[in-house]
Structures are given as structure tokens and as C-alpha cells.
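S.K.: Sequence and computational prediction follow.
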Amino acid sequence: MPLVTLEGVSKSFGKNRVLNDINLTVEAGEVVCVIGPSGSGKSTLCRCVNRLETIDEGRITFDGRPLPAEGRELARMRAQVGMVFQSFNLFAHRTILDNITLGPRRVNGVRRAEAEEKARALLERVGIADKADRLPRQLSGGQQQRAAIARALAMEPKLMLFDEPTSALDPEMIQEVLDVMRSLAASGMTMIVVTHEMGFARSAADRVVFMADGRLLEVAPPKNFFAAPASERAADFLAKVLTH
Amino acid sequence: MRMSLTRSKRRTAPTDAIDATDSTTRAASGSRPRRPLRGAALLLAAALAGSLALSACGDDDSSDEPAAATATTFPAGSTMAKLQSASTITVGTKFDQPLFGLKNLRGEPEGFDVEIARIITDALGIPADKVKFVETVSANREPFIEQHRVDLVVATYTINDKRKQVVDFAGPYYVAGQTLMVRAGETAITGKDTLAGKKVCSVSGSTPAERIRTQAPDAELTLFDVYSKCAEALKAGQVDAVTTDNAILLGLMDSDPGAFKLVGEPFSTEPYGIGIAKGDDEFRTFINDTLEAAYTDGRYETAYKDTIGKVEPDMPTPPAVDRYTS
Amino acid sequence: MAGRPEQRSEHRADYGWSHIDAVLDNLDIFREGFVQTLRLSLFAAVSALILGTGLAAMRVSPVPPLRWAGTAYVETVRNTPLTIVFFFVVFVLPQVDIVFSYFTFAVMALTIYHTALVCEAVRSGVNGVDAGQAEAARALGLTFSQTLRLVVLPQAFRNVVQPLGSVGSALIRNTSIAAAFGVQELTGISQRLTTANPGDVVAVLLAGIVCYLVLTLSLAWAVGLTERRLTRTPR
């Protein structure tokens, strides 16, 4: 049974059709990278999976069940899906440790001591154990994004969504975040990653999804996709991003 | 000598003047459009429209017949002679005091004070439509007299020694006093000595509020900024009595007929006088004479019956005028 | 030469002391009024803070009827003079048999009015919090109320400490309207004492002003302290 399915999903912002009849399934343990030019709808696709965006048509299921409407049911579903944002969105008024323990304690009812112990282990894993008691603004962008990944992982999610996780980072910090993501992928986590990092997509993804103009144009294993894109749009896109 | 001469001459005047007074009174009360509105709606309306109403004054209604010319002559140079030859007079009165001086919806003040003023202006031979009423609130009564912006003030104006230092008073023509107003069905409260544990309402910072503290120390005092709120609270049962001068209480009763009654003997004395410029003894004597004449010839009683008498039919004996020497 | 300034200063001292007696002789009455004003302010401030925050939550909630109700309340109350709110509470509620003491009525009227002001201050603070904060909270599985309580409001409050302080200061001054509606607080007491001491009106009124200043300046001090503590970096 696939972990996530999208069937005929469409969505418009006003007259602008940002998602057009999207069909996609993601199996448990799979790493899917979504690539494509800006404005292709790939971020929106990612945000629809945990219903941060609603859809106009079609159907999305998670773990065999359609996404619930706004309310407690949806909150329970979201607790099983970790999300990492482009702009980190760490809670600005809480320490890094508090950021990570908030979800487990308030949503899953884990006791503070237990939550903190686990949070420190996660911080160790993403390499910022010494920042536990700092506020987010005291960390570099790369450190903040790693903390945000730790926050998502603390919920022990079945699926991780990455919405352009390195796009807001200075170049020298991109690698440290990608390293964390790579080790996560290697550990068997199911991941949907919207990214511009072709190197990451090539090395870490099980499948690459190429989107343009709200349509899903190609789904292929990375070595096939990067070697011989089936569509002209994909070939154009790759020609532009890979010449640098 | 001269005094008695003027007096005897003037005796002829009132006969004509009475007619004029009567027609004025009838005109005023006959078309009296004011209806007592009820409760909070009235208070709200008053709060909202108060300032508007104040500015909506001053249209002369000259439909009244002018008083017939009188043959009375006054000593040359006297205030009376000057007013008579000018054939106009300015009277200060309250515009917001029901039964005493309250502006009606046509913009004319009416009430007992206004009628007393008419008795005097008629005696001066001034036509009713030449009498100009201006509003004197409590604080500007003395300044208006001193600045000669008014010729006389009839405005629930209590005579006291402090005021006598700056103005002179004819009269008194009425004696008010602090008393209690209760709901019409009240039986437990019969006077200030039956107020222990009762809620008594008055206006914050007023003399009656201070007086009740000493006169009925066991009463529980509730204070508002205006008496109309006290009346509303009394009707709603949130207070048990309202205390201030009976003149004001009678006005509250007039605006809500049948709801309230006065109980107990007055426990203060507020003689209402007619304020005039300091030192004008000639004018003061003339007004006192006119008042005394009105006491006996029925004009005072008519004035009372047309105003206060509608709420309190028992007319008190008119007070003796105080011809003090300053 | 030496005598003149002394004389003048003596004269000035006489003036001050004789008038201040009107205040000193009535300190217990002043304290009574001060305490009433303080109680009115505190009760109304606490209720308005709680209700106003709840109202702000309604105005930013995802449920349209709640948003509409919140907006209707704020627009109605904010555009009504406080005196009219007092009239309504003190004279209309008893007509439908809702009767409390005048002190309770005054607290109610002040609360009704300042709830709308608190709501708007908090709402502007909420809107000042980056939308990503609420999104991250929702993505973690927090409910709407948890998102507000644990993530958005704590950050909104540091933005609204100063505006809330202004609302509080207005509230303290607005308690004076209760003097016209059956509560003897500072203003009512001052009116009473000026009647009793007509020669010392200025001294009595100045004492009243000082009392209000004590309250508003204490509040301003507390606001400053809170703001500094909220913005301080831990460790």
C-alpha cells in the first residue's frame, strides 16, 4: 500500500491554475525529489500533502485514508508528517530545545524529561547539540534548518516533507543541511523533497518528479531522468541548471 | 414719602397686567407639547440631545398680545423708569429646572420662576413679548448680575449672606428645603429618621449629599452626577429614596407622573429670592412691593397653580419678604 | 533687603499649607476613593484582558461566523461612547431584571468597552507575527487553540505590551466615568471634597491628579519592565 497517493489533484489561485490533474504515489521508504522551474507548482504540491493548502479537485490519501477536514483529525494526521520549510519557521520565542520538545509534549503527551532527552539526541544527530539552549535567531541559517529538521523528526513521522529546504541558505551552509537529509534518506525515511539541488536529487532520490506549469510531466529514477529526459521541457530545464 | 407715593400710583397697574399674564400662561400651558418619556430612553435622549437643545433657543414668539400701556410713572432715573422707557427687560432663569424654569419645545422657558418674573415685568409695564429670558446656570448668576447682562434673576436662587455680598435679593417668594422622594407605594420610609440601612441617592459633591451624611448617618449613599439618574434608579428599585431640595424633587415627579411621592418634613431651608444688582434698593423695594401685592390679589396663587400646583396641589403660605438693610 | 524675600517665601508657605490641609485632613476619604479606582481598574483590566484576547482569537479563527461576531462586537462597542455603555449597563439591564451593585455594573461597563480595545491591540499583534510561525505549529499537529496559545499569542504579546499599556492607561482614566454612575472613586471623592472645601478646589483637584498619576505611572513602569523582560535574551 502506498503511503501517499494523489489522484487528479487540481488547484487554482484565482485564475492561475497552479496544479493541474496531478497523479502520484509515494511508497513507504521512498525518497521522491520534485524539481522544476520556479512557479511550476512544486511547492504547492508539497504543501497540499499535509493540507497546509486545500485542493479544488481530486483526492489525496495518506496511509490509506483521505486527508481529513480542518480540525482535530487533521491535527492528528499532521503529527505523523514532518515538514521542513524554506524559511525554517522555528518558534522565535522558544529555545531550540523547547522548539523540539513542544510537539512531542503537547501533541503526543510525552513527559518533559523524556522529550528533552530525545531532543538532545536528535540535536546530537544533526550536529548542533551545543545550541540546545539558544534562541533561533542566535543560530546561523544552516544550524536553524538542521534544528527544524530535528523538530520534525522528534514527532517520529511516517513521512517528511521538505519545501525547498536550502533555498534560503548561504551557499556555504547548504551542504551541512543536505548531509543531514542524505543520512535521513539512508535511514529509510519516506521523503518528498522539493529542491533545486540537482546533485542531491541525483544521489539521494529513488525517483525524480519533474513539474512545469502546474503539470506533472515526468516521473523517473534519477539516473534515467538526468541521462535522458523524456520531455523537451525537462531537457530545456536541465540544460539551464546544469551548465553552471 | 416718595416710596409710598410710587406705590399708590402703581396700584392701578396690575389690573391690566393680570390679563396679559393670564393670556401668556394659558398660551404656554395650553399648547404644552412636552410629554414625559419613560425611563432610560429619556435619560439617553437627554444625554445625546442635551447640548443640541441648549443651542436651539431664542426664537421670539410675538403672538401674545402686548400688555396694555399703563399709566404708572416711576421716579426719574430709577431702574424702573429706565426699564419702562426702554420697554424691554432681560431676565435670567434656569432652562433645565422642571416646574421652575424649563425650556419647552418651542424654545420658551416656563415654570414658577418664569411666572414670578412675569408678575414683576408686567408691573413695570413691559409687554410680554419684550421680556427676554436668558439662561443662568447656578455658577453664572452672580456674574451675569454684576456685569448687567441681566436685569433680574429668578432662578431657584437661594438667598444667603455670601451671595448678599455681591448681589441683592428681593423676596423670598418661595421656600424650598431638602426632603425625600420615594416610590409612590413606599410605606417604610416616612422621613429622614427612617432611612437606616436604606439606599439613598443624590448627586455627587452636592450640598444635599453632604447634608444627608450627617442627617441620616446610617443610610447607604449612592451618588450619580445628575438627579434624573437617581429617579431612574429609584424607579428600578436599586435605591429606596432620592434626596435634594423639594423644588428639584417636584420637577422629577412632574416628569414621571404618579411614580413618586415626597415624604417627611424638609430638613433644610432654602429661601428662593430674586437677584438684582447690588445696592439698587429702590428696585428691590419695588419688587418686594409687587410680590406682596401678588400674594394677596391671587396672581401668586395663579402662578403656583399653573406650575408647581400640578404636582403638589397644596400651596404653602407665601413667605414674608425680607426687606433687609444692607 | 534681607526681609523681603523671606516674607514672600513665608507668604508662599502659608498659601500652600492652608490649602493642603483640605487634602491632609481628608486623607482617609482620599484613600477610599483611590482604592475604589484601583479596584475598578484591576477588575476591569483582568476581565478585559481575558475577554479581549478571546475576542481576538475569534477574529483570527478559521470559522467565519466567529470572525463576523467578533468584528460586529468590536465595531459596535468601539464606536459607542463609554458613557452610553454605562447608561446601557446601569439603566437598561435592570429593566430586564439583571441587577448588580453599582460597583459591579461599573466593572461590567468598563470591561465591555475595553474588551474591544484589548481585542484590537492583540489582533494587530497577532497579525504582526510571521505567518510561518502558525504554519509550522499546525504542521507539527498543534490544534488551532494550541497554535494560538503556545506559539502565536506569546509572540504577539511582546508586540502588544506597549499598546496594551495604553489601553490600561485609558482604562484608569475612564474609571472616572463611574463617578457619574453610583461609584464613589477618586473623581467622585474629589467632587465631594471640593464642595466641602470650596476655597481649596485647586489643592483637592491637584491631589486627585497625583493619585491618577501614581496609578498610570506605576502601570507605565510595569509595562516597561515587562517589555524589557520579554525581549531579553535568555542566557
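M.R.: Here it is on my side, so go on.
S.K.: In chain A, where is pLDDT below threshold?
M.R.: Along chain A, segments meeting pLDDT under 70 span A:243-244.
S.K.: need the helices for it, in chain order.
M.R.: A:42-49, A:72-78, A:96-106, A:112-126, A:141-153, A:171-186, A:198-204, A:222-227, A:232-242 (DSSP state H).
S.K.: among the ones you listed, which is nearest residue C:188?
M.R.: helix A:96-106 (48.5 Å; CB to CB). From N, CA and C alone the C-beta is placed, and that goes for glycine too.
S.K.: Of the helices of chain A, which stretch is the most buried?
M.R.: Greatest average neighbour count among the helices of chain A goes to helix A:141-153 (a mean of 25), per mean count of other CB atoms under 10 Å in any protein chain shown.
S.K.: export that helix as CSV, just CAs?
M.R.: Extracted as CSV, the C-alpha positions of helix A:141-153 are listed here (Å, rounded to 0.1, in the frame of the first residue of the first chain):
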residue,chain,number,x,y,z
GLY,A,141,20.7,29.7,8.8
GLY,A,142,22.2,26.2,8.3
GLN,A,143,22.0,25.5,12.1
GLN,A,144,18.4,26.7,12.2
GLN,A,145,17.4,24.4,9.3
ARG,A,146,19.1,21.5,11.0
ALA,A,147,17.2,22.3,14.2
ALA,A,148,14.0,22.5,12.2
ILE,A,149,14.7,19.0,10.8
ALA,A,150,15.3,17.8,14.4
ARG,A,151,12.0,19.4,15.4
ALA,A,152,10.2,17.5,12.6
LEU,A,153,11.9,14.2,13.4
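S.K.: interface residues of chain A facing chain C?
M.R.: When proximity is defined by CB under 8 Å from any CB of the partner chain, chain A lies next to chain C at A:50, A:52, A:70, A:72, A:75-83, A:85, A:87, A:89-93, A:95, A:102-103, A:106-107, A:133-135, A:138, A:148, A:151-152, A:155.
S.K.: In the stretch 51-200 of chain B, what residue spans correspond to strands?
M.R.: B:89-93, B:96-97, B:101-103, B:109-110, B:131-135, B:152-153, B:167-176, B:178-183, B:199-203 (DSSP state E, counting those that start in this stretch).
S.K.: Out of the ones you listed, which gets nearest to chain C?
M.R.: strand B:199-203 (7.9 Å; CB to the nearest CB).
S.K.: next one: that closest one to chain centre, how far?
M.R.: Strand B:199-203 sits 23 Å away from the centroid of its parent chain (CA atoms, centre = their mean, to the nearest Å).
S.K.: The very next helix or strand once past it near chain C anywhere?
M.R.: Using DSSP states H and E, the helix or strand that directly follows strand B:199-203 along the chain is helix B:207-215. Yes. Contact of helix B:207-215 with chain C (CB under 8 Å from any CB) involves B:207, B:209-210.
S.K.: Neighbour count and pLDDT added to the residues you listed, as a markdown table?
M.R.: Putting those into a markdown table (neighbours: other CB atoms under 10 Å in any protein chain shown; pLDDT from 0 to 100) gives the following:
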| residue | neighbour count | pLDDT |
| --- | --- | --- |
| B:207 | 17 | 82 |
| B:209 | 22 | 89 |
| B:210 | 15 | 86 |
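S.K.: Mind picking the one among those residues that's closest to chain A?
M.R.: Of the residues of helix B:207-215 next to chain C, the one sitting nearest to chain A (CB to the nearest CB) turns out to be residue B:209, at 52.8 Å.
S.K.: Report pLDDT for the closest residue to that closest one other than its chain neighbours.
M.R.: Distances taken as CB to CB, 6 or more residues apart in numbering or on different chains place residue B:202 nearest to residue B:209, at 4.0 Å, with adjacent residues excluded. On pLDDT, residue B:202 comes in at 93.
S.K.: was I right about residue B:202 contacting residue B:248?
M.R.: No. If you go by CB atoms under 8 Å, residue B:202 and residue B:248 don't touch, sitting 10.2 Å apart.
S.K.: Common neighbours of the two, please.
M.R.: Both residue B:202 and residue B:248 are contacted by residue B:227, under the criterion CB atoms under 8 Å, 6 or more residues apart in numbering or on different chains.
S.K.: so how far is residue A:81 from the spatially closest residue to residue A:231 that is not a sequence neighbour?
M.R.: Nearest-residue entry for residue A:231: residue A:217, 4.9 Å, with adjacent residues in sequence omitted and distances by CB to CB, 6+ apart. In this view, residue A:217 and residue A:81 are 25 Å apart by CB to CB, to the nearest Å.
S.K.: higher neighbour count, these two?
M.R.: Ranked by neighbour count (other CB atoms under 10 Å in any protein chain shown), residue A:217 and residue A:81 place residue A:81 first, with 25 against 18.
S.K.: so what's the more buried one up against?
M.R.: A:49-50, A:62, A:157-161, C:139.
S.K.: Could you dump the residues you listed into TSV with distance to chain B added?
M.R.: Rendered in TSV, the data for the contacts of residue A:81 read as follows (distance: CB to the nearest CB, whole Å):
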residue	distance to chain B
A:49	58
A:50	54
A:62	59
A:157	61
A:158	63
A:159	62
A:160	63
A:161	59
C:139	52
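S.K.: if I look at residue C:24, how far off is residue C:211?
M.R.: 14 Å.
S.K.: Kindly report the same for residue B:225.
M.R.: Taken as CB to CB, the span from residue B:225 to residue C:211 is 19 Å.
S.K.: List the residues that contact residue 218.
M.R.: This is for chain A. Counting by CB under 8 Å, 6+ apart, residue A:218 touches A:208-210, A:225, A:229-231, A:234.
S.K.: meant chain B actually
M.R.: Counting by CB under 8 Å, 6+ apart, residue B:218 touches B:195-197.
S.K.: low pLDDT regions in the stretch 151-300 of chain B?
M.R.: Checking the stretch 151-300 of chain B against pLDDT under 70 turns up nothing.
S.K.: Tell me where it has helices.
M.R.: Counting by DSSP state H, counting those that start in this stretch, the segments of the stretch 151-300 of chain B that form helices are B:161-164, B:207-215, B:227-235, B:246-255, B:281-297, B:299-306.
S.K.: which residues touch the first one?
M.R.: Contacting residues not belonging to helix B:161-164 are listed as B:142, B:157, B:169, B:275, B:324, B:326 [CB under 8 Å, 6+ apart].
S.K.: how far away is the residue of chain C found nearest chain A from residue B:184?
M.R.: Chain C approaches chain A most closely through residue C:141 (2.9 Å), counting by CB to the nearest CB. Counting by CB to CB, the gap from residue C:141 to residue B:184 is 67 Å.
S.K.: which one of the two has more residues nearby?
M.R.: Neighbour count, other CB under 10 Å: between residue C:141 and residue B:184, residue C:141 has more, with 24 against 12.
S.K.: Would you check that the more buried one makes contact with residue A:109?
M.R.: No. Taking contacts as CB under 8 Å, residue C:141 lies outside contact range of residue A:109: 11.6 Å.
S.K.: Could you check how far residue B:75 is from chain C?
M.R.: 40 Å (CB to the nearest CB, to the nearest Å).
S.K.: for residue C:230, what are its contacts?
M.R.: C:157-158, C:161.
S.K.: for residue C:69, same thing?
M.R.: Residues in contact with residue C:69 (CB under 8 Å, 6+ apart) are residue C:58.
S.K.: in the helix or strand hosting it, what's buried?
M.R.: Following DSSP H and E, the helix or strand that holds residue C:69 is helix C:64-78. Under the neighbour-count criterion of 16 or more other CB atoms under 10 Å in any protein chain shown, helix C:64-78 has C:70, C:73-74, C:77 buried.
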